[in-house]
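1. The following block contains a protein sequence and its predicted model.
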Amino acid sequence: VVYLEKGPGVLPEFGLGFAVDYRDSELDTRKGIYFESDVTHVGVGGKRGENFVEFLEDARAYYSIGRFVTGATALVRLRPGDVKRYDYFYHGGTNSFRGLNSPDAEHLGVHEMLLNLEERFVLLERRSASLWGINFFYGIQLVAGFDASVLWDKGAPGWKNYEGAVYGDLHIVIPALDRIRFEVGYSPD
């Protein structure tokens, strides 16, 4: 159930995809590549709301030299069809760049392309710990990177649809969540 323009409602989705995963670990990846491709149909059309197809391409690559881990990612989501405003992407969203104070109507789009280049420095390698009888691991990393976010509605994207940022952060690597991030970003745009 999602909150649609006229209140709560059901928005059906059906999708199909595949992924190729050659990473050394899903948590705290140090080396390898990941590629995912999905096609999803959303909605039923007509006066009831949305009706679009989403094409998703997600590519990630990681390489390590000593304590330095370089990561590069690209995420592209194209949505031909009828996408309602409540389902638009926005700069500063879940997958998007750091450095934007708050999303607003000038930073919305039906389609998105997100690019990221990140360098991690391992301050403290993963180590085990126990707290109140619960066993877990943790590690600490310093991170710096560049984000680029492109959102657009129709046709091909242009520079007016681009936002970029640089960021630095401290990551605490933990099980299940992968990492807790304390980030500071700056967007000259």
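-> Sure thing, it's come through. The structure displayed is predicted, hence computed values, not measured ones.

2. Show me the shaky parts of this structure.
-> 1-9, 45-48, 92-106, 189 (pLDDT under 70).

3. Try it again at 80.
-> Within the chain, the segments meeting pLDDT under 80 span 1-11, 44-49, 86, 90-107, 136, 175-177, 188-189.

4. What distance do you get for residue 90 to residue 109?
-> 8 Å (C-beta to C-beta, to the nearest Å). C-beta: built from backbone N, CA, C; applies to glycine.

5. anything in contact with each of these two?
-> Counting by C-beta atoms under 8 Å, 6 or more residues apart in numbering, the residues touching both residue 90 and residue 109 are residue 151.

6. Could you give me the buried positions within stretch 158-168?
-> Buried residues in stretch 158-168, counted by 16 or more other C-beta atoms under 10 Å: 161, 163, 164, 165, 166, 167.

7. Grab the longest strand from this protein for me.
-> strand 111-131 (DSSP state E).

8. Out of the buried residues of stretch 158-168, list just those in strands.
-> Using DSSP E, the buried residues of stretch 158-168 in strands are 163, 164, 165, 166, 167.

9. who does the first one bridge with?
-> When you say that, I think you mean residue 163. Judged by DSSP bridges, the bridge partners of residue 163 are residue 149.

10. and the longest strand of the chain, which strands flank it?
-> Counting by DSSP bridges, strand 111-131 is paired with strand 68-78 (antiparallel), strand 134-152 (antiparallel).

11. in stretch 127-144, what counts as buried?
-> By 16+ other C-beta under 10 Å, the buried positions in stretch 127-144 come out as 139, 140, 141, 143.

12. next one: stretch 10-25
-> Of the residues in stretch 10-25, 11, 23 count as buried by neighbour count, 16+ other C-beta under 10 Å.
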